[in-house]
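*Asks:* below are the sequence and a predicted model for it; my questions follow.
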Amino acid sequence: MLDKIRKMLGVKDLPEEVTPLYRGARNEREALVLLKEARRRDESRRRRAMADLEELDRAEEELLEEGKSESISESRKLMLARRIKEIRWKMQELNNRIENIYNKRLKVLNEHVASLETILELTSEALPDKKTMEDMAIKAKQLLEDLEKTKELAEGIALAPETAQPDDEEKEILREMERPAPEEPVREKALEKKEEIRPVKEKEKKTEAPVREKDPPEIVFEE
């Protein structure tokens, strides 16, 4: 079947994303059904991954805002920083999965679906019945799961263990949480204004103080 598909498409090699599907099909019609089912599953997974990204982005924003509060302890800030780090790792993993797995595989599947549809338009072979299509959909699901597990093992996706002390990434997040108190500039300005006014008042007070007149000299009469 693989050799037949290669000849029909005029290619020397087939991408690894579609090779298991072609190998599991008995004819071109079954291969087309398997390709479409694989495309449907990947589109659904990509939509879920993008929805998860939005949720993680909101969670990161909320935790970061909480970490900027001056009323929480340093231990709480460190815990928030580690949670934000985990969220950012998960977001990076999801972005890599969307870009390097789903988008890449969907592009290949779309190309092969379009090619097979064009070729099969020239034939009069009937579509498989409903039971056969359901069996092929189950087969496509199993093949895609096996392919995805192999892909993840090859990429070696793993999370680093947490450490007792904040690492560089956590320290950077902690710095993001730091912000100057908004009351301080106003308080300093008020103090400066008060210092400017005080000497003026004291000077005015001294100016307004009544001047005590000197007692007249005592007259001494000689006897």
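*Replies:* Here it is on my side, so go on.
*Asks:* can we go C-alpha only for contacts and neighbour counts from here?
*Replies:* Noted.
*Asks:* sketch out the low-pLDDT regions of the chain for me.
*Replies:* 122-130, 133-134, 136-137, 139, 141, 143-144, 146-164, 179-223 (pLDDT under 70).
*Asks:* those helices in it, which residues are they?
*Replies:* According to DSSP state H, the chain carries its helices in the segments 2-9, 19-23, 28-67, 74-97, 104-120, 130-155, 168-177, 183-208.
*Asks:* and the longest one, what does it pack against?
*Replies:* Counting contacts by 3 or more C-alpha pairs under 8 Å, 6 or more residues apart in numbering; DSSP states H and E, helix 28-67 packs against helix 19-23, helix 74-97, helix 104-120, helix 130-155, helix 168-177.
*Asks:* swap in the first one?
*Replies:* The helices and strands touching helix 2-9, judged by 3+ C-alpha pairs under 8 Å, 6+ apart, are helix 19-23.
*Asks:* JSON lines please, covering the helices and strands packed on helix 28-67 and showing distance to residue 1 and mean neighbour count.
*Replies:* As requested, these are exported to JSON lines (distance: least, C-alpha to C-alpha, whole Å; neighbours: other C-alpha atoms under 10 Å):
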{"stretch": "helix 19-23", "distance to residue 1": "6", "mean neighbour count": "18"}
{"stretch": "helix 74-97", "distance to residue 1": "30", "mean neighbour count": "17"}
{"stretch": "helix 104-120", "distance to residue 1": "13", "mean neighbour count": "15"}
{"stretch": "helix 130-155", "distance to residue 1": "16", "mean neighbour count": "14"}
{"stretch": "helix 168-177", "distance to residue 1": "51", "mean neighbour count": "16"}
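*Asks:* of those helices, which approaches residue 42 most closely?
*Replies:* Nearest of the helices and strands packed on helix 28-67 to residue 42, taken as C-alpha to C-alpha: helix 104-120 at 6.8 Å.
*Asks:* which elements pack onto that closest one?
*Replies:* Using 3+ C-alpha pairs under 8 Å, 6+ apart, helix 104-120 sits against helix 28-67.
*Asks:* in the helix it packs on, what's buried?
*Replies:* 28-39, 41-43, 46, 49, 53, 56, 60, 63-64, 66-67 (16 or more other C-alpha atoms under 10 Å).
*Asks:* now the angle from it to helix 74-97?
*Replies:* 160 degrees (axes from the mean of the first three to the mean of the last three C-alpha atoms, to 10 degrees).
*Asks:* what's the angle from helix 28-67 to helix 168-177?
*Replies:* Angle, helix 28-67 to helix 168-177, by the same axes, to 10 degrees: 60 degrees.
*Asks:* ok, back up a step: which one of the helices and strands packed on helix 28-67 lies closest to residue 4?
*Replies:* helix 19-23 (9.8 Å).
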